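[1] below: sequence and its predicted model.
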Amino acid sequence: MMVKAKGPVWHKKDKDKGIIPKGPHGLDKMATWAKSVAKGWIYGHGTFMLTSFEIPIVGIFQYMVNSANEAKRMHVEMVKYASLAKKVFMDSKADDQKIYYDLKKSYRMQLVTKTRKGMGKSETRKQMIKEMSTKQNHKDYLKRSTTVEPMQGLMDDIFELERCWMRGDINNRWLFGAMGIAVQMAQLKAYKEKRSTWEIKNDVLGV
């Protein structure tokens, strides 16, 4: 999830040249540019989230550089859970043969993602697509849209994350981490009490 930086925007052409604009105060120099399918180009900071599949509970919610590669971050984080997770679901950003085969061969984890059209030419890629294209994988990938994807919307709703509360990656790093822990605690409490792990806003905010 991309979150707009607090304060004015540092236009990319000026940032690339190190030219600090005159006039606006409170510029977040640590923020970076990245493009969101839903919101377009955003100057700000990013968050990275892992969510459990069967029971919608936040696994981790952490700071990520806005311009960083989500698939590579997923790869790094998921290998830590090799003994717990057998399948990994991610959107088309994870359409990467190296990541796919490393998860499969080194960690026995099945990556399921949406592949890009016209890219199934090599034998290894054809095999990758074939292994992902089972009825069960297709069914599970569709289920992801109701159990995994909305979790970022839940975080956004609870904390109103349209814009960062603070400037700088150091400040936002601990703040995002604290948000993730607060939600995890509330969701665990709700799960133990056999309540919905979605209806936790009041538990998190204490209202």
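    Here it is on my side, so go on.
[2] any idea how far residue 17 is from the most centrally placed residue in the chain?
    The residue at the geometric middle of the chain, judged as the C-alpha nearest the mean C-alpha position with C-alpha atoms, centre = their mean, is residue 48 (3.6 Å). Distance of residue 48 to residue 17, given as C-beta to C-beta, to the nearest Å: 29 Å. Just so you know, the C-beta spots here come from the backbone N, C-alpha and C atoms, and that holds for glycine as well.
[3] now the strands for this structure?
    In the chain, the segments counted as strands under DSSP state E are 2-4, 32-36, 40-51, 58-64, 87-89, 110-112.
[4] and of these, who's closest to residue 174?
    Closest approach to residue 174 among the strands of the chain (C-beta to C-beta): strand 58-64, 8.1 Å.
[5] what does that closest one contact?
    Strand 58-64 is contacted by residues 45-52, 70, 73, 77, 81, 151, 155, 169, 172-173, 176-177, 179-180, 183-184, 187 when judged by C-beta atoms under 8 Å, 6 or more residues apart in numbering.
[6] please apply the same query to stretch 195-204.
    For stretch 195-204, with C-beta under 8 Å, 6+ apart as the criterion, the contacting residues are 55-57, 150, 154, 157-158, 182-183, 186-187, 189-191.
[7] buried members of these into ChimeraX, please.
    Restricted to the buried members of the contacts of stretch 195-204, where burial is judged by 16 or more other C-beta atoms under 10 Å, the ChimeraX selection command reads as follows:
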select :56,57,154,158,182,183,186,187,190
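[8] in helices, which of the contacts of stretch 195-204 appear?
    Among the contacts of stretch 195-204, the subset assigned to helices under DSSP state H consists of 150, 154, 157, 158, 182, 183, 186, 187, 189, 190, 191.
[9] tell me which residues touch the last one, please.
    Going back to what we said before, that points to residue 191. With contact taken as C-beta under 8 Å, 6+ apart, residue 191 is in contact with 55, 57, 197.
[10] quick one: the nearest residue to residue 57 once chain neighbours are set aside from residue 158, how far?
    Spatial nearest neighbour of residue 57, excluding adjacent residues (C-beta to C-beta, 6 or more residues apart in numbering): residue 187 at 4.6 Å. In this structure, residue 187 lies at 11 Å from residue 158, with C-beta to C-beta as the measure.
[11] try residue 109
    Note on residue 109: its distance to residue 158, by C-beta to C-beta, is 30 Å.
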